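Asks: Sequence first, predicted coordinates after that:
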Amino acid sequence: MKITNSLLIGLLSSFHVGVDAFTLTQSKLTSVSSVEKSVLSKTSTSLSAQEKATIQILMSDTGGGHRASANALRDAFDELYPEKIEVDIVDIFTDYGPFFPINAFVPIYKILAEYPVLWEITYKSGATPFGLWFNELVLELFCFDSFKECVARPCGSTDKRADMVVSVHPLTQDIPLKILSNLDTNGKSRTSGRVTPFATVVTDLGGAHPTWFNPGVDKCFVPSDSLYKAARDRKVEPEQIIQHGLPIRRGFWADQSPGSSKGGNTNFFDDLFAGFSGGQKETKGQDVNKSKIQNELGLKEGLPTVLIVGGGDGMGGIIQQANALGDKLGQKASEDGKAYQMAVVCGNNENAQKKLSSRDWGDINVEVKGFVNNMDEWMRASDVIVTKAGPGTIAEASICGLPCMLSSYLPGQEEGNVPFVEDAGFGTYSGDPTKIADTVSTWLSSPDMLKDMQGNALVAARPTATIDIAKDLAAMLFERKDQQKASIKQTEGELIAQ
C-alpha cells in the first residue's frame, strides 16, 4: 500500500518528531527510505522517554473539598503506581478564566458563603433548566478558547497534553468535554469524536448540583445512593456510574494511630484495611492509641473530648459554638465532678483563634489551633465533632467513628448532607449554639448512646474509597495507553512494510 506525503507528515507531527530536517517530495512514496527508518527509530525513542501516563485534574478552590479531593487522588496514584502516573492539578477558573467575574470565582464564593441567602439564590437559580442552559452558553461563548489552552497544555514532565482528564468540580464537565472533542478531531467537532478518557469524581455527599452530571462522560464516580439517583435523573446511564465513596485525605485511608503506618514497618495495604472490619467494637488497644494521640497533641489523656472545627476558612460561627459548649461543659463538670476538654480548630479564621485563645476556660482544658495539617489525629483523639456540614469532614469523621453535631450548611450544596448523617444515625443538626451545647452534653452523658452512634458512623464509613476510585481511573488510563501503543505499532508496521 502506498502512503502519501501528507500522511507521513501527520504521523511525524503526532509523535512530536520534527520534519524540518527532511526533504519530502510531493509525489506518493512507494517505499520506506533510510530517512523514514530513521524517523521511526526517533519516534520509538521519543515514546520510550514518555512512558509515564498523565492525568489532568480540573477543579476550582470554591471550598476546600475540591482541591483536597484532587490531592487525595494524586497521592493514591503515587502510592499505587509510583513513577508511572503524573498528575496535573489546575484551578481552571482562577488560572484560565478570561476576565472578571469568571476568574474571580474563589473570592466570590467566599462572599456568597458568608451570606447563605445569596448563596441559595445563586445555587438554585443555576439549577433551573434556564440556569443550566445559560451556564453552558456563557462558558462556551467566553471560556472555550482560554480553557482549551489549559486542557491542551503539556502535562507533567511530558511535552504533550494529558492522556486523561478528571473533573472534581461541578462546573468542569460540559466545556472540557467539548474541548476534548475539538482537540481529538483537530477542530472538526465539539460534540463528537472524543477519544481522550474523561471522568467525573463527585465531591458532594448527600446532595449535588445538576452540573455535576453529564451523560457524555466515560465514568461518573458518586459517593452515595442519593447521588446515584441524581446522576440517573440527569440521564447518566448505570454502566457509567460507579459508587465507592468520597476521595478523602491520605491520613484517613488507614489506621494512622501510633504503632501502625506511622510507627511501624507495616505494609501500606495492611494498614489500609486494618481496623475497619468489625470497627464497631472498641478495644483496649484502641483506647491506648487514642490516649497516646491525645498526649502528642497536648490534650489530657483519657478525658471525654469534643472537637470543634470551622473548615479551612473557619466559617460557621465557631466562636459562639465554642463559648456555648465551653460554658456547658464547665457547668456539667461542676455538677458531676468529671473533667472534659475541647479542641477548637479555627482554620484560617485568625480572629476566632485570637479571641478563643485569650479566654479563661476555667476547669475545662481547651486547645485552640489555627489551620492544621493533621486533622486525622485530632479526630482520632476526640469523641464528638462539631462541624459545618461539609462532605469531606463528614466522610472523614465517619471513618474515625465520630458522632457529628452539624452546626451549619450551605443551602443546596450541603443541605443534603444533614439527612445523610441523621438517617445513618451518627449525628444531627442545629444552628443554635445553645442547643448544640446541650445536645453534645447529652451525648457525653450517655455512653451507650455515644457508642451506638460511633458504631453507626463506622458503618457509614468508606475508608477505601480513594484507593478504589484511583484504581478504576488508572484502569481507564492504562487501557487508553495500550490502545495508543497498539495504534502506533500498527502504523509503524504498515510503514516498514512499504
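Replies: Okay, I see it. Bear in mind that the values here come from a model prediction, so they are computed numbers and not experimental data.
Asks: C-alpha from now on. contacts and neighbour counts both.
Replies: Fine.
Asks: what sits against Y340?
Replies: 303-305, 329-330, 333, 364-365 (C-alpha atoms under 8 Å, 6 or more residues apart in numbering).
Asks: and it, what pLDDT?
Replies: pLDDT for Y340: 96.
Asks: mind checking how far it is from K354?
Replies: 22 Å (C-alpha to C-alpha, to the nearest Å).
Asks: go on, D95?
Replies: From D95 across to K354, the span is 33 Å (C-alpha to C-alpha).
Asks: One more: L329?
Replies: With C-alpha to C-alpha as the criterion, L329 and K354 are 21 Å apart.
Asks: between these two, which one's more packed in?
Replies: L329 (26 against 14; other C-alpha atoms under 10 Å).
Asks: hang on, isn't A395 packed against F252?
Replies: No - using C-alpha atoms under 8 Å, A395 is not in contact with F252, being 9.4 Å away.
Asks: Could you pull up the residues touching the spatially closest residue to K355 that is not a sequence neighbour?
Replies: Excluding the flanking residues, the one nearest K355 by C-alpha to C-alpha, 6 or more residues apart in numbering is I319, at 7.8 Å. If a contact means C-alpha under 8 Å, 6+ apart, then I319 has 352, 355-356 as its contacts.
Asks: Assign I319 to helix, strand or coil.
Replies: helix (DSSP: H, G, I helix; E, B strand; the rest coil).
Asks: Look up how far R359 lies from it.
Replies: With C-alpha to C-alpha as the criterion, I319 and R359 are 11 Å apart.
Asks: give me the number of residues near I467?
Replies: I467, neighbours per other C-alpha under 10 Å, totals 23.
Asks: ah, wrong one, I meant W253
Replies: 26.
Asks: thought it was touching R462?
Replies: No - counting by C-alpha under 8 Å, W253 sits too far from R462 to count as a contact (9.1 Å).
Asks: Go ahead and name everything in contact with stretch 434-442.
Replies: Under C-alpha under 8 Å, 6+ apart, the answer for stretch 434-442 is 321, 324-325, 328-329, 332, 384, 405, 407, 430.
Asks: What sits closest to P433 if chain neighbours are left out?
Replies: Q321 (4.9 Å).
Asks: so what's the one you found up against?
Replies: Counted by C-alpha under 8 Å, 6+ apart, Q321 has contacts 433-434, 436-437.
Asks: quick one: the helices in the stretch 201-350 of the chain?
Replies: Taking DSSP state H, counting those that start in this stretch as the test, the helices found in the stretch 201-350 of the chain are 225-233, 268-273, 284-296, 318-336, 350-357.
Asks: now those as TSV including mean pLDDT and distance to R190?
Replies: Below are the helices of the stretch 201-350 of the chain laid out as TSV (pLDDT from 0 to 100; distance: least, C-alpha to C-alpha, whole Å):
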stretch	mean pLDDT	distance to R190
helix 225-233	97	23
helix 268-273	43	42
helix 284-296	80	54
helix 318-336	95	47
helix 350-357	94	47
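Asks: Near the residue nearest to S382 when sequence neighbours are not counted, how many residues? Count them for me, please.
Replies: Closest residue to S382 apart from its sequence neighbours, by C-alpha to C-alpha, 6+ apart: T305 at 4.8 Å. Look at T305: counted by other C-alpha under 10 Å, it has 25 neighbours.
Asks: picking that back up, which one of the contacts of Y340 is nearest to G390?
Replies: Closest approach to G390 among the contacts of Y340 (C-alpha to C-alpha): T305, at 20.9 Å.
Asks: Spatially nearest residue to V222, not counting backbone neighbours?
Replies: Q243 (4.9 Å).
Asks: circling back to that earlier point, now, the contacts of Q321 that are in helices?
Replies: Using DSSP state H, the members of those that fall in helices are 433-434, 436-437.
Asks: What subset of those residues is buried?
Replies: For the ones in helices among the contacts of Q321, a burial check counting by 16 or more other C-alpha atoms under 10 Å picks out 433-434, 436-437.
Asks: now these as CSV including pLDDT?
Replies: Output for these, formatted as CSV (pLDDT from 0 to 100):
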residue, pLDDT
P433, 96
T434, 97
I436, 98
A437, 98
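Asks: show me where this structure has strands.
Replies: Assigned by DSSP state E, the chain shows strands spanning 53-59, 85-91, 164-167, 198-201, 219-222, 241-243, 305-309, 341-345, 365-369, 384-387, 404-406, 427-429.
Asks: CSV for those, including distance to Q490?
Replies: Output for the strands of the chain, formatted as CSV (distance: least, C-alpha to C-alpha, whole Å):
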stretch, distance to Q490
strand 53-59, 20
strand 85-91, 25
strand 164-167, 22
strand 198-201, 25
strand 219-222, 28
strand 241-243, 33
strand 305-309, 57
strand 341-345, 58
strand 365-369, 60
strand 384-387, 57
strand 404-406, 57
strand 427-429, 58
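Asks: quick one: which of those is nearest W212?
Replies: Per C-alpha to C-alpha, nearest to W212 of those: strand 198-201, 7.5 Å.
Asks: and the closest one, what other elements does it pack with?
Replies: Under the contact definition 3 or more C-alpha pairs under 8 Å, 6 or more residues apart in numbering; DSSP states H and E, strand 198-201 sits against strand 164-167, strand 219-222.
Asks: Please save the CA atoms from the last one in CSV.
Replies: Yep, that's strand 219-222 we're talking about. Only the C-alpha atoms of strand 219-222 are listed here, as CSV (Å, rounded to 0.1, in the frame of the first residue of the first chain):
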residue,chain,number,x,y,z
LYS,A,219,-17.4,7.3,34.2
CYS,A,220,-19.1,9.2,37.0
PHE,A,221,-18.0,8.4,40.5
VAL,A,222,-20.6,9.1,43.2
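Asks: pLDDT on it, on average?
Replies: For strand 219-222, the per-residue pLDDT averages 98.
Asks: elements contacting that strand?
Replies: strand 198-201, strand 241-243.
Asks: how far away is T158 from A68?
Replies: Distance of T158 to A68, given as C-alpha to C-alpha: 25 Å.
Asks: related to what we said a few turns ago, how about the helices of the stretch 201-350 of the chain, which one is nearest E414?
Replies: Nearest of the helices of the stretch 201-350 of the chain (C-alpha to C-alpha): helix 225-233, 12.6 Å.
Asks: Okay, buried residues for the closest one please.
Replies: Applying 16+ other C-alpha under 10 Å to helix 225-233 flags 227-228, 230-232 as buried.
Asks: How about stretch 62-76?
Replies: Buried residues in stretch 62-76 (16+ other C-alpha under 10 Å): 62-63, 65-76.
Asks: Name the residues that touch that stretch?
Replies: By C-alpha under 8 Å, 6+ apart, stretch 62-76 touches 57, 59-61, 87, 89, 105-106, 109-110, 168-169, 203, 246-250, 311-312, 391-392, 466-467, 469-470.
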